[in-house]
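>>> Let me see the structure of the following:
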Amino acid sequence: EVQLVESGGGLVEVGGSLRLSCTASGITSADYAIGWFRQAPGKEREGISCVNNNGRHSWHANSVKGRFTISRDNAKSTVYLQMNSLKPEDTAVYSCARGWGQRTENYDSWGQGTQVTVSS
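Below is the predicted model:
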C-alpha cells in the first residue's frame, strides 16, 4: 500500500521559514514524481510545486516561485518543500501526492496534510 506522510507544518511569523517533509512508504521513491499542493479555507486546492523522480527537474507555481524550493532525498524516500519569506496568504493545509504537474487529477496517493499558519 502506497502511503505518503507529511510533517513539518506549524505556526510561523511573517517572513519566517519552514521545511515540510513528505515521506513515502510502500513504493520505491525514485520511481515517481511527487508534488505539493495547498488548500486554504474556502479556496480550491492549489498545485504549488513538483519534482521528477530523480530530482533534476522541478516546477513551482508563480505564487511561490523564488520563495519555495522543492527537493528530494530518495535514499530517505522523502521530498522536501523549503518555504522562505512566508506570507499570511501562505496559510493553508499542505499535502503531497504522487504525480506531476499542476492539476490534481494528475495525482494519486494523497497524504493527510500538514497545517501551516503564518501570523502577521
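>>> for the residue positioned nearest the centre of the chain, helix, strand, or coil?
Taking C-alpha atoms, centre = their mean as the criterion, Trp36 is the residue nearest the geometric centre of the chain, at 2.9 Å. In three-state terms, and counting by DSSP: H, G, I helix; E, B strand; the rest coil, Trp36 is strand.
>>> Would you state the strands of this protein in chain order?
With strands called from DSSP state E, the chain shows them at 3-7, 10-13, 18-25, 34-39, 46-51, 58-60, 68-73, 78-83, 92-99, 107-108, 114-119.
>>> pull the CA atoms of the last one into PDB?
Provided in PDB are the C-alpha atoms of strand 114-119 (Å, rounded to 0.1, in the frame of the first residue of the first chain):
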ATOM      1  CA  THR A 114       0.000  19.300   7.500                       C
ATOM      2  CA  GLN A 115      -1.200  22.700   8.700                       C
ATOM      3  CA  VAL A 116       0.900  25.800   8.000                       C
ATOM      4  CA  THR A 117      -0.200  29.000   9.700                       C
ATOM      5  CA  VAL A 118       1.600  32.300   9.000                       C
ATOM      6  CA  SER A 119       0.800  35.000  11.600                       C
END
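>>> can you list the strands of the chain in a markdown table and add mean pLDDT?
Conversion of the strands of the chain to a markdown table gives the following (pLDDT from 0 to 100):
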| stretch | mean pLDDT |
| --- | --- |
| strand 3-7 | 97 |
| strand 10-13 | 98 |
| strand 18-25 | 96 |
| strand 34-39 | 98 |
| strand 46-51 | 98 |
| strand 58-60 | 98 |
| strand 68-73 | 97 |
| strand 78-83 | 98 |
| strand 92-99 | 97 |
| strand 107-108 | 95 |
| strand 114-119 | 98 |
